[in-house]
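Colleague: Coordinates for the following, if possible.
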Amino acid sequence: MTTEPRHFLDLDRFPASELRHILELGKACKSGTAGRDRPLDGKAVALVFEKPSTRTRVSFEVGIRQLGAEPVVLEPSGTQLGRGETVGDTARVLSRYVDAIMLRTTKEEKLLELAENASVPVINGLTDRTHPCQLMADVMTLEEHLGPISGRVVAWSGDGNNMATSWIHAAVRFNFELRLACPEELSPPADVLAWARGEGGNIKVLHDPVEAVTDVDCVVTDAWVSMGDDVNDAERRARLLKPFAVTTDLMEKANSHAIFMHCLPAHRGEEVTAEVIDGPRSVVWDEAENRLHAQKAILLWCLA
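Modeller: Numbering: from 1, shown residues only. Reported below is the predicted structural model:
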């Protein structure tokens with residue numbers, strides 16, 4: 001009797017209790033009380049990169065090895081994906097060789113096609129729509145610094161991009177208020193906001209970063225131009241997003257204990273000033289480290 005693989009595709013696909021279980025497992029991985037006995041010994045995990053990465057690649061490779069498994073890194077130039085093989089065929093072939101597949105790609109449809117055709121777990125390492133592994137690390141980081149996230153208030157200032165979408169998913173599932181300050185032209189996807197409203201999420205979409213940040217517990221932003229964005233559109237986006245940059249003055253509107261988060265890579269002087277990202281409120285390096293621990297927990301959950 002075959003069982004369905006345990007995919008980790010997006011936070012909105014999980015009940016809150018399951019996400020909390022994975023999050024607590026990540027904390028246990030970090031403290032050394034879980035995963036230290038190489039529980040994935042003898043397994044192999046394919047890491048498929050259609051988009052380059054520093055944090056995703058290193059954190060997954062190191063985490064896989066720490067759990068006792070072997071990573072197999074694949075990039076488009078070294079696979080038949082880059083020569084026209086379908087995602088479905090790639091999924092079927094890789095499923096015969098490895099025990100799980102992580103995909104970092106562009107269109108969400110590729111991730112879904114991979115998961116539909118794979119007989120092993122598929123992990124979303126990033127798409128143009130969402131970035132759930134990063135959000136698990138972000139929630140973990142916030143709780144390390146501020147305690148339980150339930151009931152907290154988080155402000156997003158910037159583009160309503162894939163990170164903003166995953167923050168919306170997280171706000172609903174982890175029960176916190178999320179205020180999104182975005183230019184009207186760069187608001188989060190309407191279907192994601194409709195889903196959040198239908199789930200009873202406390203989500204506010206604003207166009208004034210000061211209003212969004214006032215008295216919050218955490219301020220988050222992201223780069224104005226991501227990999228794959230139209231570089232010819234960069235000037236327009238920069239003009240729209242400049243008023244949403246996280247500065248010292250903006251951070252002072254938040255609570256005195258408020259922290260600053262950014263998934264990196266950052267562009268000092270654009271979406272955030274050096275004084276903020278390198279200042280005492282910034283937890284971006286803890287956030288980057290926690291990708292390792294959160295993803296180890298995801299791997300353990302997928303392959304349990």
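Colleague: Please measure how far the first residue of stretch 196-208 sits from its last one.
Modeller: The straight-line separation of the ends of stretch 196-208 (Cα to Cα, to the nearest Å) is 21 Å.
Colleague: isn't residue 205 right next to residue 182, touching?
Modeller: Yes - the criterion here is Cβ atoms under 8 Å, and residue 205 meets it with residue 182 at 6.8 Å. Placement of C-beta: from N, CA and C, glycine included.
Colleague: which residues are common contacts for these two?
Modeller: Counting by Cβ atoms under 8 Å, 6 or more residues apart in numbering, the common neighbours of residue 205 and residue 182 are residue 188.
Colleague: Compare the two and say which is more crowded by neighbours.
Modeller: The residue with more neighbours, out of residue 205 and residue 182, is residue 182; 23 against 19, by other Cβ atoms under 10 Å.
Colleague: List the contacts of that one.
Modeller: 156, 157, 158, 159, 160, 164, 188, 205, 206, 207, 244.
Colleague: Helix or strand: which one has the spatially most central residue of the chain?
Modeller: In the chain, the C-alpha nearest the mean C-alpha coordinate belongs to residue 134, at 2.6 Å (Cα atoms, centre = their mean). Using DSSP states H and E, residue 134 maps to helix 132-146.
Colleague: what do you get for residue 220?
Modeller: In the assignment (DSSP H and E), residue 220 maps to strand 218-221.
Colleague: same question for that strand, mean pLDDT?
Modeller: Average pLDDT, strand 218-221: 98.
Colleague: now do stretch 99-115
Modeller: For stretch 99-115, mean pLDDT rounds to 97.
Colleague: C-alpha coordinates for that stretch, PDB please?
Modeller: What follows is stretch 99-115, C-alpha atoms only, in PDB (Å, rounded to 0.1, in the frame of the first residue of the first chain):
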ATOM      1  CA  ASP A  99      14.000  10.500  -1.200                       C
ATOM      2  CA  ALA A 100      12.900  14.200  -1.500                       C
ATOM      3  CA  ILE A 101      13.200  17.100  -3.900                       C
ATOM      4  CA  MET A 102      13.600  20.800  -3.100                       C
ATOM      5  CA  LEU A 103      12.800  23.200  -5.900                       C
ATOM      6  CA  ARG A 104      13.700  26.900  -6.100                       C
ATOM      7  CA  THR A 105      12.000  28.200  -9.200                       C
ATOM      8  CA  THR A 106      10.100  30.900 -11.000                       C
ATOM      9  CA  LYS A 107       6.400  30.100 -11.700                       C
ATOM     10  CA  GLU A 108       4.400  28.300  -9.000                       C
ATOM     11  CA  GLU A 109       3.000  26.100 -11.700                       C
ATOM     12  CA  LYS A 110       6.400  24.300 -12.000                       C
ATOM     13  CA  LEU A 111       6.300  23.500  -8.300                       C
ATOM     14  CA  LEU A 112       2.800  22.200  -8.400                       C
ATOM     15  CA  GLU A 113       3.600  20.100 -11.500                       C
ATOM     16  CA  LEU A 114       6.600  18.600  -9.800                       C
ATOM     17  CA  ALA A 115       4.600  17.700  -6.700                       C
END
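Colleague: Touching it from outside, list them.
Modeller: 5, 7, 9, 40, 43-51, 53, 56, 60, 69, 86-88, 90-91, 94-95, 118, 120-130, 228, 299, 302-303.
Colleague: List buried members of the residues you listed by neighbour count.
Modeller: 5, 7, 9, 40, 43-51, 53, 56, 60, 69, 87, 90-91, 94-95, 118, 120-130, 299, 302-303 (16 or more other Cβ atoms under 10 Å).
Colleague: Return the subset of those lying in strands.
Modeller: If you go by DSSP state E, these have 44, 45, 46, 47, 48, 49, 122, 123, 124, 125, 126 in strands.
Colleague: and of the residues you listed, the nearest to residue 294?
Modeller: Closest approach to residue 294 among those (Cβ to Cβ): residue 123, at 11.3 Å.
Colleague: Tell me what angle the strand or helix carrying residue 156 forms with helix 132-146.
Modeller: Under the criterion of DSSP H and E, residue 156 resides in strand 153-157. Relative orientation of strand 153-157 and helix 132-146, computed by axes from the mean of the first three to the mean of the last three Cα atoms, to 10 degrees: 130 degrees.
Colleague: So which residues make contact with strand 153-157?
Modeller: 142, 163-164, 167, 171, 176-182, 209, 212-213, 215-221, 244-246, 250, 254.
Colleague: Give the buried subset of these as a ChimeraX selection command.
Modeller: What follows is the ChimeraX syntax selecting those of these that are buried according to 16+ other Cβ under 10 Å:
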select :142,163,164,167,171,176,177,178,179,180,181,182,209,212,213,216,217,218,219,220,221,244,245,246,250,254
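Colleague: Strands - which of the contacts of strand 153-157 land there?
Modeller: Those of the contacts of strand 153-157 mapping onto strands are 177, 178, 179, 180, 181, 218, 219, 220, 221, per DSSP E.
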